[in-house]
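A.B. asks: give me a 3D structure for the following:
(chains A and B)
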Amino acid sequence: MSDTTFTQLLDLAVGTVVVASFAALWLRRLVGVINILAVQGVALAAVALLLGVHESEPELVAVALMVLVLRGLVLPGLIMRAVHTTGARAEVESLINVPSSLLAASVLTLFAYAVSRDLVALADTPHAQAMPLGIAVALIGILMLVTRRKAIMQISAILMLDNGIALVMFLGTSGVPVAVELGIASDVLLAVLVLQVLTFRIHLEFGGGDLDQLTELRD
Amino acid sequence: MGGLVASLPLVPIVVAVAIAILGWRSLTAWASAGSAFVILAVAVAASVWVVDQGPIVALGGEVRLDALGAVVLLLIGTVASITTTYATTYITREVTDGSATARRATWYGILVQVTLAALVVVVIADNLGVMWVAIEATTIATVLLVGHQRDSASLEASWKYLVLGSVGIATALLGTVLVYYVVRHSGVDVDAGLSWSQLVPVAGRLDASALRLPIGLVIVGYGTKAGLAPLHSWLPDAYSQAPAPVGGLLAGAVSAMSMYAIMRFTAIARPALGDTFIRNLLIIGAIASLVTAASFMLTQRDLKRLLAYSSVEHMGLIALGVAIGSPLAVSAALLHMIGNGTVKAVAFSTAGEVERHLGTTTLAHTRGLLDRDRFTGTTFALCLVALAGLPPFSLFASEVALVRAGLNDGLDWVIAIALAAMMVIFTALAVQAINVLTGPATNAPIDVPIESRAATVATRVPLVAGLVMVAVLGVTIWPISRLLEDAAAVLAP
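C.D. replies: Numbering: from 1, shown residues only, chains lettered A, B, ... in the order given. Next comes the predicted model:
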């Protein structure tokens, strides 16, 4: 693979990850948001695969495969199952409207670039310079977490936050040691599983996934 | 010794498997306490070894226990021994009176053991990434334990705990990954990777301006997980809804892991970044925690929430010690960690007893607790006295040392604010202690079934032993003075 093709393909994959997080803020249907997260997971796997092939690191190629299965298939699948079995209402409810969400996300992207200036200055590869985009995706995940009031949307937001960190990991350092990578993956899987179980219970207990009902505990 | 330390996480795992197969019964309940005692015994042996011969290394350097790790391992062993021994009666009672099914008791046993295994891994792994994975594992396991009671309140608490905990822990991961990035791009030996023992010697060569954001993220992320204000809102809910022994485990050991992680990162960041950045960030967290704790404790109506906010206070004090960073301050912070952890293990377990005798943990009903049950009343009052920082308990000694260390470093204003907050907290705790010790009981008594002698002993011995230990450490520090010195030298060479 020539260097230009590599760079173009990598840009495309990274771009897809970022656009997916904006799209997740824009979409109105829960199912749509979950599908776009699956797309984000696949694009993330593509980033890892491209870097693995380019730097001829078989370990990274294996990690790419794991990312594809976990973030492209299993995790979105688990969230989708929670939607179907709880019969959660299909509409996204947000504390702020879509245009403001998108505006805030753009500001966060600029902010990510601003705070990581010193980090980027260390970068010796073109893809390491794109690292702030991963921080931006993570920040957009946090934005989604604080503005969305549905249990399922909060799980999705945590998944997006994690995808952003994974993007930083791939772009900045071509991943972390495989043992740590595996540990992170299994922790994320377990966290989503537990969140899914809690979502079932919230639906059983409160008859809906609306987190505004969680107000029993206060001082 | 290396092999012993490296295989320590397997002990709770084996016990977890045994509980999974045999269910929660008298034998496995005691095995679960047994694994905690094994951790404590190995911690004591390892501490002696570390003071004598330096760090224990095993598995080709993947496992490393230095003096700082030994102190924290001692804390884990102590807190785990107290809470699991108490749980042998607490959980069995729940099964007997029908408030928990046998299946839930089994899950409880398994999850506590998994938590213990993860806690041990946090301390013995010489790898910042593995440390993160293990801390996240403690979060996931304890989320399920917080939801043990299966009512709407515990459901709410576990949701908040997991969501906010995930954000905190994710922030810490982002910081860890970026530290790794800075290491890889600062021209230091790439092999150092994520091993803290190899990073500390080369830390001075890391790029200072690039390190600022990653370290900030690590402190904020793990700070959230430790319960430092302003990101503590999950904590009172989680601690108060968890079963009593789990509350002790969370407040005593799990929260200390995040402080331990922060300590490891400061050891790496200080040579490159200098004092100011880390100190300012931690002082903000410390003061915010102290002020928050003071304002919520004064008007607190629930006993477990009172203890939870007391944890916010003490985490703040430990953060203050790390912020000051002198050898005196760090050893005071570590002693404070041991004192607070042990007393919290006893206090939450006692809260379980209070609940049993009064049917509630509302503070208004603890009036005259001493009359109702002499043992529970005395223990509870002593816990409040210890947490308020009165002698002979070790929290008094460590608080005095912290104040001295702060004044030595010219942090007069910070110490003044901290002292004011501590006075308010002292008042809040003293009022509750007097409430327990005096006056006739106001509410109707509950019939407490008479228990076997063995059950009574299993309930009381760990509580008394914990308080005695903290009192002894308050009077004379010599059993662990060398260890604390060595541990402080790890952070403040």
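A.B. asks: CA atoms for contacts and neighbours, from now on please.
C.D. replies: Noted.
A.B. asks: tell me which parts of the stretch 151-300 of chain B are close to chain A?
C.D. replies: B:152-153, B:155-157, B:159, B:162-163, B:166-167, B:170, B:173-174, B:177-178, B:180-182, B:184-186, B:209-211, B:213, B:237, B:296, B:300 (Cα under 8 Å from any Cα of the partner chain).
A.B. asks: which of the residues you listed are buried, as a PyMOL select command?
C.D. replies: Buried subset of these, written as a PyMOL selection, criterion 16 or more other Cα atoms under 10 Å in any protein chain shown:
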select buried, chain B and resi 152+153+155+156+157+159+162+163+166+167+170+173+174+177+178+180+181+182+184+185+186+210+211+213+237+296+300
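A.B. asks: is the residue of chain B found nearest chain A in a helix, a strand, or coil?
C.D. replies: In chain B, no residue comes nearer to chain A than B:Ala210, which is 4.8 Å away by Cα to the nearest Cα. What DSSP: H, G, I helix; E, B strand; the rest coil gives for B:Ala210 is helix.
A.B. asks: these two touch, right, it and A:Leu119?
C.D. replies: Yes: with contact defined as Cα atoms under 8 Å, B:Ala210 counts as touching A:Leu119 (4.8 Å).
A.B. asks: which residues are in contact with each of those two?
C.D. replies: B:Val182 (Cα atoms under 8 Å, 6 or more residues apart in numbering or on different chains).
A.B. asks: now do stretch B:38-50: everything it contacts.
C.D. replies: The contact list for stretch B:38-50 (Cα under 8 Å, 6+ apart) reads B:1, B:4-5, B:8, B:11, B:56, B:65-67, B:70-71, B:73-74, B:76-78, B:81, B:483.
A.B. asks: top helix in chain A by residue count?
C.D. replies: helix A:178-206 (DSSP state H).
A.B. asks: any buried residues in it, and which?
C.D. replies: Quick answer for helix A:178-206 (16+ other Cα under 10 Å): A:180-181, A:183-185, A:187-196, A:198-203.
A.B. asks: torsion angles phi and psi at the closest residue to A:Met160 other than its chain neighbours?
C.D. replies: Leaving aside its chain neighbours, A:Met160 sits nearest to A:Gly141 (5.1 Å; criterion: Cα to Cα, 6 or more residues apart in numbering or on different chains). A:Gly141 adopts backbone torsions of phi -60, psi -40, taken as degrees, to the nearest 10.
A.B. asks: quickly note the distance from the closest residue to B:Gly474 other than its chain neighbours to B:Ala418.
C.D. replies: Distances taken as Cα to Cα, 6+ apart place B:Ser394 nearest to B:Gly474, at 3.4 Å, with adjacent residues excluded. To B:Ala418, B:Ser394 is 18 Å away according to Cα to Cα, to the nearest Å.
A.B. asks: okay, the two: which has more neighbours?
C.D. replies: B:Ser394 (30 against 22; other Cα atoms under 10 Å in any protein chain shown).
A.B. asks: so where is the chain shaky, pLDDT-wise?
C.D. replies: Reading this off chain A. By pLDDT under 70, the weakly predicted segments of chain A are A:1, A:88-90, A:209.
A.B. asks: switch to chain B, please.
C.D. replies: Applying pLDDT under 70 to chain B picks out residues B:189-192, B:439, B:442-445.
A.B. asks: residue contacts, residue 210?
C.D. replies: This is for chain A. Neighbours of A:Asp210 in contact, by Cα under 8 Å, 6+ apart: A:Arg149, A:Lys150, A:Ala151.
A.B. asks: my bad, chain B
C.D. replies: A:Ser116, A:Asp118, A:Leu119, A:Leu122, B:Val182.
A.B. asks: please indicate which of those has the highest neighbour count?
C.D. replies: That'd be A:Leu119 among these, by other Cα under 10 Å, with 26 neighbours.
A.B. asks: surely the residue nearest to B:Gly474 and B:Val470 touch.
C.D. replies: Yes: contact criterion Cα under 8 Å: B:Ser394 and B:Val470 qualify, at 5.5 Å.
A.B. asks: and A:Val14, how far is that from chain B?
C.D. replies: Here A:Val14 is placed at a distance of 18 Å from chain B (Cα to the nearest Cα, to the nearest Å).
A.B. asks: what residues sit buried inside stretch B:278-286?
C.D. replies: B:Ile278, B:Arg279, B:Leu281, B:Leu282, B:Ile283, B:Ile284, B:Gly285, B:Ala286.
A.B. asks: roughly how far does the third one sit from B:Phe375?
C.D. replies: Relative to B:Phe375, B:Leu281 is positioned 43 Å away (Cα to Cα).
A.B. asks: and stretch A:72-85, how far out from the chain middle?
C.D. replies: Centroid separation for stretch A:72-85 versus its chain: 14 Å, with Cα atoms, centre = their mean, to the nearest Å.
A.B. asks: enumerate the residues of chain A near chain B.
C.D. replies: Applying Cα under 8 Å from any Cα, one finds that chain A approaches chain B through A:115-116, A:118-119, A:122-124, A:142, A:154, A:158, A:161-162, A:165, A:168-169, A:172-173, A:176, A:180, A:183-184, A:187, A:190-191, A:194-195, A:198, A:201-202, A:205, A:214-219.
A.B. asks: can you select the buried ones from the contacts of stretch B:38-50 in ChimeraX?
C.D. replies: Restricted to buried positions by 16+ other Cα under 10 Å, the ChimeraX selection for the contacts of stretch B:38-50 reads:
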select /B:5,8,11,56,65,66,67,70,71,73,74,76,77,78,81,483
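A.B. asks: pick out the residue nearest the middle of chain A.
C.D. replies: A:Met160 (2.1 Å; Cα atoms, centre = their mean).
A.B. asks: quick one: the strands in chain B?
C.D. replies: For chain B, the strands defined by DSSP state E occupy B:56-58, B:63-65.
A.B. asks: give me the helices and strands touching the last one, please.
C.D. replies: This means strand B:63-65. Secondary-structure packing of strand B:63-65 (3 or more Cα pairs under 8 Å, 6 or more residues apart in numbering or on different chains; DSSP states H and E): strand B:56-58, helix B:102-124.
A.B. asks: most neighbours per residue, which of the ones you listed?
C.D. replies: Stretch with highest mean neighbour count among these: helix B:102-124 (a mean of 24; mean count of other Cα atoms under 10 Å in any protein chain shown).
A.B. asks: for that helix, which helices and strands make contact with it?
C.D. replies: Using 3+ Cα pairs under 8 Å, 6+ apart: helix B:102-124 touches helix B:10-22, helix B:26-53, strand B:63-65, helix B:67-96, helix B:128-146, helix B:255-273.
A.B. asks: ok, residues contacting the third one?
C.D. replies: Residues outside strand B:63-65 that contact it (Cα under 8 Å, 6+ apart) are B:Ala6, B:Val50, B:Pro55, B:Ile56, B:Val57, B:Ala58, B:Val123, B:Ile124, B:Ala125, B:Asp126.
A.B. asks: and what of stretch B:347-356?
C.D. replies: Against stretch B:347-356 from outside (Cα under 8 Å, 6+ apart): B:83, B:86, B:90, B:243-245, B:247-248, B:303-304, B:307, B:360-361, B:366, B:376, B:379-380, B:383, B:448, B:463.
A.B. asks: just the C-alphas of that stretch, formatted as PDB.
C.D. replies: Extracted in PDB, the C-alpha atoms of stretch B:347-356 (Å, rounded to 0.1, in the frame of the first residue of the first chain):
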ATOM      1  CA  ALA B 347     -18.100   1.700  61.400                       C
ATOM      2  CA  PHE B 348     -20.100   0.300  58.400                       C
ATOM      3  CA  SER B 349     -20.200  -3.100  60.000                       C
ATOM      4  CA  THR B 350     -21.500  -1.500  63.200                       C
ATOM      5  CA  ALA B 351     -24.100   0.300  61.000                       C
ATOM      6  CA  GLY B 352     -25.200  -3.100  60.000                       C
ATOM      7  CA  GLU B 353     -25.700  -3.900  63.700                       C
ATOM      8  CA  VAL B 354     -27.500  -0.700  64.400                       C
ATOM      9  CA  GLU B 355     -29.900  -1.500  61.500                       C
ATOM     10  CA  ARG B 356     -30.500  -4.900  63.100                       C
END
